[in-house]
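Visitor: can't give you the sequence, but here's the structure:
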C-alpha cells in the first residue's frame, strides 16, 4: 500500500480516499508495463488507462475546479485520459487507447502520487461540494477497479500461453444445495435510493412500484446446472432464444460461457483451473441467461423484484473483492436468499431506463449514467471483483445484452 | 378489388377477410413488377414478398394444418416466403429477399387468388381454432400492409428521380394550436389487454401499474417545432443525446428527419411536396425523439402513461389508412388529447419487454412477438399508414431506437 | 430484332450498328421488368442498366457532342446511366443501381429506339471522328452484352428456385482428348495492336518482347480434370495457393468453381444441367487457376506467350455468342492449338499493366481502360458469351484475381 | 552489443551472424516493454515479435533441423512466433500479435541469447546446407530490422504526444539539384540474380528482357516537388489517379504523404521535425507515386529499366542504416544517377510476379516469396532503414499499392 503522510488519515473521507487509491495500485502490482498498456477489444481499456483516468477524474473535477493554483501534472493527460465526458472537450478515441505506450506505467504511477498528494493536502480545507466530488471519485474508482480486473482477464484470455496473474488459491468445493424458492413481496413496494448515503444519480429517486406475486430462487444457477443446459442442446435450440440472441449465438459460434475450456477447465486470473460444478456460473450474456431461464420454464427477476427482496440483506457480505487476489472472505448473509451479493452480477429482466422522476445533473458530471440509458439491461448485486462495501441493493449495474466479459450470472424467478 | 364469390360475405369473419385481402391488392395496384421486387435495405422487404408472405401464413397455419387434402400452390413458396418462424424450417435469407425476380408479381397475385378461394371455401366448416387463425392472419396482414407502404417509401426515396407512387392530394393546412398539457391518472392503474376481442399475445395480460403524477401534451410535436430544434443546433449538441444516439448521429451524419429535403420539401409516396409546419413531425428515430424531449426540458411518456390516457379514445379515429392513397378522413376524437391515434406512431420511454405474467404461445405461432423483446422501444397509437380499425390502446408497436423508416413521431410528457 | 428504316443499312458501319443494337434487345427479350432491374452484387449491374448505359454512351459522345440540336431523351438519364466517367460529372452510385425501379424496362427500350433513330438519321453526314465514336460505341456495347449475360447468370444463381432464362439445348459430349503440348516461339516477338482495324486503347502500341522457351497445352483444362483436383484435396492444401488466394478460399469457404452444384450438376442460364466432364472448366478465379497449375507442376501462360501463339488463329472461331441462346456454332480453328477463342476466357500469369509506350486518350473517353491498370490480371481469348467477331489476339480482358462470375477458365503452359 | 565468446568471430559467417543479431538488439534498445508489445495495425507487428520471430526462424530451421539434441527454449514459442509458414503448422493469428504481453521483452531477449549461443556453438561443425540457412536467417533478420523500425514509427505516430524514440540529429539541407535525365540501355538486357552471392529466391533466375528507349531521372522526387503537387490540387483531381487509387484517396481522406503534419512538419522516430524541401519525399503509396508521375507527364520506371540502370552502382552507398539512429553516412555513388540506393524504396511500374523460370523451393522455406506474387508492386533500391549491405540491384521489395508505412518514394522515367 502507498505510504501516507503521518496523521493524514484523520478524517473518514481521507481514510476512504487513501484506501481506495491504494487498492488500485495493489491490483496493478503484478502487471508489467506491457500488461498494463494493451487494449484487448474496443469495450475494454488498458489497466494503465484505468489508473490514469481515475486520477484525471480527481485532477479535473476536484483539483482544477476547486484548488486555486493547482498545476496539471501533464498538459497532455486531459486529452489522453478523459473517457467520455463531451463537456470536457476533445479526447483520445476509445478504440485507440491501446496505442499509448507512452507515458509508461511508472509515469502513470507518478501521476497518481502527484494527484494523491495534492488531494490529501487540499482535502481538509475543501468545501462540501468538493468533498462530495472526492467521494464520487472514490466510488468512480471502485467501478474502475472491477473493470481493471475484468479487462485484464479478457486480455490474458487471448494469450495462448494462459498466463496466471495471481497465485492459485485452493477452493473448497461442496455440492450445491437443492434449489428452493422464496416468495417475494407483492403489491406496492418502494425501490430506489433515498437519504444521505452515497449513491449514483441513476439509483434514485425512490419511488413506488407494483409487484405481482412471484418467488425468487434461493441461490444462483451453478456451473453444474449450466452444463446440463449445454448437454441438453440449449445452444442449438432456436426456440429458447430471443431473436437477437439467436443471431448472436450463430454469428459468434457461441456454445458455452466465456472462458470455459474443454474438460471442465476454465480460465481466470489464476490461470486455467477446474470448474467447480457447485459454483455460480459466470461470464454469460443476458441472451444466455434469458435462454437458460426459458429452458427451465422460469424467468429472470425484474429489477424491482430483486431490489425489494434484497432490502434487508447486508450488501457487504458474500464473495467480493477485499484485496488483490481471489480469496473468499465473508459468509453470505442472505439466510434464506443466499448469494444476493458477491460471486456474480445477476442479470435481470429489466432494461436500464430512468426511474420515475430521474433528472441528470448539470455539467460534465451529469454525463455519468443518464446518457447510457439505451440498449442495456440492469444487473443487480455484486461480483467477486466488486470492491466490498461499494454495492447496494439500489445499485444499478448495466451492460448490453451481449456482454459477458464481466462476472455475470443469474438467479431464477417465477410467477406465483 | 378482387372479385368474390356471390354470397361469400355472409359471415363477419369472411367479410373482414375479404376486405383485408382486397386492400393489400389495392395498395400494390400502382406497382410495377420491378417496384414490387427490389429490397431497399435489410430491414425492408419487397412488396411482392409482403403479398406472398401474408398468403403463406394463411396457407400454412390455416389450410395446411386444418383443411384436409389441401395442395400447396407451389412447393417452393414455403422456403421463399416464411419470414422468421424457426419451427417452420429452413427459409430464404432475409437480406436476399430482393434477389427473387421470379416468381413474378402476377404469379404472386395468382397465389393470393388460389389461397383466398381455398380459405373462402373452407371457412364455413372450420372449427373455432382455425377461424381464430384466420382472424390472426387478417391482423398479421394489416401489419404487413403498413410495412408494404413504408418499405415502398424507402425504396422510392433512393431513386434520384423522386417517383410519385400516388397522386398528390391537396392538404388543408392551418397553424398548429398552442401546446397544452393534460394531467394523467396517477396511483394504481390497469393496462394491457383482457377480454374476448382480438389482440396480439404481447398486449396481455392485463395488469396493475403504479403511475407517478404526470401530464401529457395535448397534441403531437410538429414539423415547425422540429425545425426550431434543427435551427437551435440540436443535431450538433452532444449533451442532448443518449450516448448510442450521439454515435448514431455522427456515424450516419444525421441532421434532420428522414425524407426531409432542403427548402421545406419532403419526400413521400406522392413525391416531393412542401412540408406543413403544423403537421406532426415524422420519420424520426427514438434517439431523435429523446434528444428533442431533452431539449425542451420535458420527456417522452411511458407506455403505461400513454395507454392509461388513451383508454377512452376511439382508436379508429384520426388520420389512418382507409384505402390506397393519402386522404385524411375522420376527425381525431381525443377532444382534449388530440392525435392519440393516426398520423404517426408515438415513441415512448419504455422498452419492449413482457408484461408481467406474459407467456408465449406454443409452436410456430408462438414466435410472434415474444422473441423480439430485446433492444427495441415501444410505440403507441397508429399512423397514417395503419389500416383503420386495427390498432388499440393496448397495441404495442416496437422498433429499434435507430429505426425511422416508419411513420414515427412523438408526444411530450412531464412530471407534475 | 428491332425494325430498321428501309434502306438504312447501306453502309457497313450502319449495318454493324444496327446488328449490335438489335442483339442487345434479343439478349434481354426473355427478361421481366424485375429480372432487368435487380442488382445481385456491387460488381454486377442490372440488365436494364446495361441497356441504358450503352445508349447513354452513344447519346453523350455521339449525339450530344456531334449532332447539332439533339435533345436528350430524358434529362435524368445522364445522372442515372453514366458508369464511371469522372469527366462527365456526378453519377448514381454503382452499388445502388438496383434501386432504380423507374424508369421501367419498357421506357429504357423507348430510350434505345429514340437514340437509335437519331444515330441512324445522323450517321451518313457525320465526320470521321464521330463515326469512330459510333464504332467505339458498338464495341463498348459488345462488352456490355457479355456482362449482361454474366450479371444475369449471377442474379439467377441466387434464386433458390433455379430459374432457366433460356431453353435447354442438348449438348453433344465426348471424351476430352489427351493433353498435348505445342512449343511456342522463343526469342524476340511482337505483340500488341497496330494498324487500322479497331482495337481498344490498351491493346497498343505494338512492341517487342523476349520470350523464353515454353510450350502451351493444346486445349483447355476440363471439368473432369478439375474434379480430380477437387478430389485430391486441392482446395484444402495451402501449399498450392498464393497467400491472398488461400485467405480468399478460407474467408469465402470456397470448395469448387462458382455455379457448381452437387452430383455433377451446374447452374447456367438454361437452369440446372449435368456438367460435361470433357467441357472446359469455367467460373474459376485467377487464384484457383494458379493453384490448379501449381498442382499439376505446370504454370499459366504469360500474356505475351498466349498472344504470340494466337497470332494466326481466327478469333471468330469456336464457341462464342451469335444470338440469344447457348448454341455452339463454328468449329475451333486452332488446329493444333484448339479452343484459343471461345468457351472461356483464359487467365494468364500477367498483370494488367500498360504496354510500353501506352498513353491514355484525352478527355472522358480516355478513362476507358488506363485507369483500371492496377490489381487486375489479364485474360485472353473469348468466351461462349463473347459476341462473335469482337475479340482479337491482342484483346486484353482483365478482372481482379478473385473474380469468377465471368466465363473464366485456363490453359496450362510450361517451361522448356 | 551482445557479448560474444572470445574467439567466436573467427569465421566470416559467424561475424556476420553476430553483427546482424547485435544490431537488432541495438535497434530495440530504446524500447520499453510496452513499446515492444503493441501492434498498431494488422499489417504491422510488435517489435518484440520481430525479435522473437527472427530467433524462431534460426531455432527451427537451423537448430531443430540440424543440431542433434537441441532443446527448444520454450515449447510455446513455435506457436507464438511462426509468421506464415503453413508447413510449420498452426500459429498465432497475425492480427492478434499485439495481445501477447507475456513473454516479456526481457524474456524474449533471453530467448535470443539462448539461441545465439547455440548457433555460435554449433556453427563450426555445421554442414553447408545448415550454414546456408544461417546466412538466409541473417538476411531474413535484416528484412525484419527494417520492418521493426517502420512498424515502430507507425505505432508512435498514433500517439498524440508525438514521442521521439531517437535523439534528433541536425540535418544538413541544401537546395535540390535541377532534375536531369539519364538515358537507359534499350534493346536486349539481362536482369535477375545469378551466381554464388546470396540472393532471395525471387531474384532469379537471370533472364533476358527487351527494353524500349527510355530515360531515368537522375535523382528522386523531393518534398518540395511533392508540395507543388499538393498545392496544384493533385489529391482532388480524379483524372490523375488509377481507379483503385481514387477510391482509396476518397475512402481514407488522403491529402498528403503519411506522417506529414501541418506547417511543414513531419513525424519520425526522432519526433516532430521540419520537412526538408530538398529531401526525397517518403511514405507515399504506389497510387500516389503513379498519380504524381501522371501529373508531371512522365511515368514510373519498370523494374527492368531500373535494375538495368543500377547494375554498376554500389548498393551499399547512400543513406542506409548502419546503427540505431538516423545518421547519414556514405555519399551516394551513383555519379550521374544519384540516390539509386538509400533514402527511400522506389516504386516501379511493375507488378511482383515471377521471373521467367522461377520455381519456389520445396518445404517451409519455399514459402518465402513465391506465395506473395499477387496484388503487389515491386520497389527497388534501399531506404534509410535498410541495413547497409543487404540490398542489391536484383533485390525485389514488394508491397500492395496502398501501403505507405514503409520509407517509400519515387524516381521518374520517360519514353524516348
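Guide: On my side now, so go ahead. Nothing here was measured: the structure is a model prediction, and the numbers come from that model.

Visitor: Once you drop chain neighbours, what's closest to the residue nearest the centre of chain A?
Guide: Centroid-nearest residue in chain A: residue A:146, 5.1 Å away (criterion: C-alpha atoms, centre = their mean). Nearest residue to residue A:146 in three dimensions, chain neighbours excluded: residue A:385, at 4.6 Å (C-beta to C-beta, 6 or more residues apart in numbering or on different chains). The way it works is simple: take the backbone N, C-alpha and C, and place the C-beta from them, glycine included.

Visitor: Could you pull up the residues touching residue A:236?
Guide: Applying C-beta atoms under 8 Å, 6 or more residues apart in numbering or on different chains to residue A:236 gives no contacts.

Visitor: how close does the residue nearest to residue A:146 get to residue A:405?
Guide: 11 Å (C-beta to C-beta, to the nearest Å).

Visitor: tell me, what's touching those two both at once?
Guide: By C-beta under 8 Å, 6+ apart, the residues touching both residue A:385 and residue A:405 are residue A:150.

Visitor: if we can go back for a sec, in terms of secondary structure, what does the helix or strand harbouring the residue nearest to the centre of chain A contact?
Guide: In this structure, residue A:146 sits in helix A:128-157 according to DSSP states H and E. Packing contacts for helix A:128-157, counted by 3 or more C-beta pairs under 8 Å, 6 or more residues apart in numbering or on different chains; DSSP states H and E, involve helix A:12-27, helix A:47-58, helix A:65-66, strand A:265-268.

Visitor: Buried residues, the helix or strand just after it. List them.
Guide: Per DSSP H and E, the first helix or strand lying C-terminal to helix A:128-157 is strand A:181-183. Neighbour counts over strand A:181-183 (16 or more other C-beta atoms under 10 Å in any protein chain shown) mark residue A:181 as buried.

Visitor: Likewise for stretch A:342-356?
Guide: For stretch A:342-356, by 16+ other C-beta under 10 Å, it's A:342-356.

Visitor: So which of those residues belong to strands?
Guide: Among those, the ones falling in strands (DSSP state E) are A:345-351.

Visitor: what about residue A:385, which helix or strand?
Guide: Applying DSSP H and E, one finds residue A:385 in no helix or strand.

Visitor: Quick check: end-to-end length of stretch A:73-92?
Guide: Chord length of stretch A:73-92, first to last residue, is 18 Å (C-alpha to C-alpha, to the nearest Å).

Visitor: Over to stretch A:99-112?
Guide: 21 Å.

Visitor: cool, and stretch A:28-38?
Guide: With C-alpha to C-alpha applied, stretch A:28-38 spans 14 Å between its terminal residues.

Visitor: Any buried residues in stretch A:49-66, and which?
Guide: A:49-63, A:66.

Visitor: what's the answer for stretch A:397-412, then?
Guide: Within stretch A:397-412, the residues that count as buried by 16+ other C-beta under 10 Å are A:397-412.

Visitor: cool, and stretch A:41-49?
Guide: Residues of stretch A:41-49 classed as buried: A:43-49 (neighbour count, 16+ other C-beta under 10 Å).

Visitor: Closest one of the residues you listed to residue A:312?
Guide: Closest approach between the buried residues of stretch A:41-49 and residue A:312, by C-beta to C-beta: residue A:43, at 34.9 Å.

Visitor: where does the nearest residue to residue A:204 once chain neighbours are set aside land on pLDDT?
Guide: Once flanking residues are discounted, residue A:204 sits nearest to residue A:193: 4.2 Å by C-beta to C-beta, 6+ apart. On the pLDDT scale, residue A:193 is placed at 97.

Visitor: Isn't residue A:193 up against residue A:392?
Guide: Yes: under the criterion of C-beta atoms under 8 Å, residue A:193 makes contact with residue A:392 at 7.4 Å.

Visitor: got any residues that touch both of these two?
Guide: Residues touching both residue A:193 and residue A:392 (C-beta under 8 Å, 6+ apart) are A:199, A:203.

Visitor: which residues does residue A:399 contact?
Guide: Residue A:399 makes contacts with A:286, A:376-377, A:379, A:406, A:408, as judged by C-beta under 8 Å, 6+ apart.

Visitor: that older thread, can you name the two of the buried residues of stretch A:41-49 that sit furthest apart?
Guide: A:43 and A:48 (16.8 Å).

Visitor: Look up how far residue A:306 lies from residue A:399.
Guide: Distance from residue A:399 to residue A:306, by C-beta to C-beta: 16 Å.

Visitor: Can you name the residue of chain A nearest to chain C?
Guide: Nearest residue of chain A to chain C, counting by C-beta to the nearest C-beta: residue A:253, 13.8 Å away.

Visitor: Report how many residues lie close to that residue.
Guide: Residue A:253 has 7 neighbours, counted by other C-beta atoms under 10 Å in any protein chain shown.

Visitor: Can you pull the phi and psi angles for it?
Guide: Main-chain torsions, residue A:253, degrees, to the nearest 10: phi 50, psi 50.

Visitor: can you list contacts of the strand or helix carrying residue A:225?
Guide: Element membership of residue A:225 [criterion: DSSP H and E] is helix A:223-231. If you take C-beta under 8 Å, 6+ apart as the criterion, helix A:223-231 is touched by A:176, A:255-257, A:275-281, A:284, A:292, A:295.

Visitor: For chain A, which residues are neighbours of chain B?
Guide: Within chain A, the positions near chain B by C-beta under 8 Å from any C-beta of the partner chain are A:84, A:86-87, A:188, A:207-210, A:212, A:238-239, A:241-246, A:286-287, A:290, A:349-351, A:353-354, A:356-357, A:367, A:371-375, A:401, A:415.

Visitor: now do 6 Å
Guide: Residues of chain A that fall close to chain B, judged by C-beta under 6 Å from any C-beta of the partner chain: A:86, A:208-210, A:212, A:238, A:242-244, A:351, A:356-357, A:371-372, A:374-375, A:401, A:415.

Visitor: Look up how far residue D:22 lies from whichever residue of the stretch 251-400 of chain A sits closest to chain B.
Guide: For the stretch 251-400 of chain A and chain B, the shortest gap (C-beta to the nearest C-beta) falls at residue A:351, measuring 3.7 Å. Between residue A:351 and residue D:22 the computed distance is 61 Å (C-beta to C-beta).

Visitor: could I get the ones in strands among the buried residues of stretch A:342-356 as JSON lines with distance to chain C?
Guide: JSON lines is the format used below for those (distance: C-beta to the nearest C-beta, whole Å):
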{"residue": "A:345", "distance to chain C": "37"}
{"residue": "A:346", "distance to chain C": "39"}
{"residue": "A:347", "distance to chain C": "34"}
{"residue": "A:348", "distance to chain C": "39"}
{"residue": "A:349", "distance to chain C": "38"}
{"residue": "A:350", "distance to chain C": "40"}
{"residue": "A:351", "distance to chain C": "35"}
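
Visitor: Let me have those in a markdown table, adding pLDDT and distance to residue D:94 as columns.
Guide: Converted to a markdown table, those look like this (pLDDT from 0 to 100; distance: C-beta to C-beta, whole Å):
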| residue | pLDDT | distance to residue D:94 |
| --- | --- | --- |
| A:345 | 98 | 35 |
| A:346 | 98 | 39 |
| A:347 | 98 | 36 |
| A:348 | 98 | 41 |
| A:349 | 98 | 42 |
| A:350 | 98 | 42 |
| A:351 | 98 | 39 |
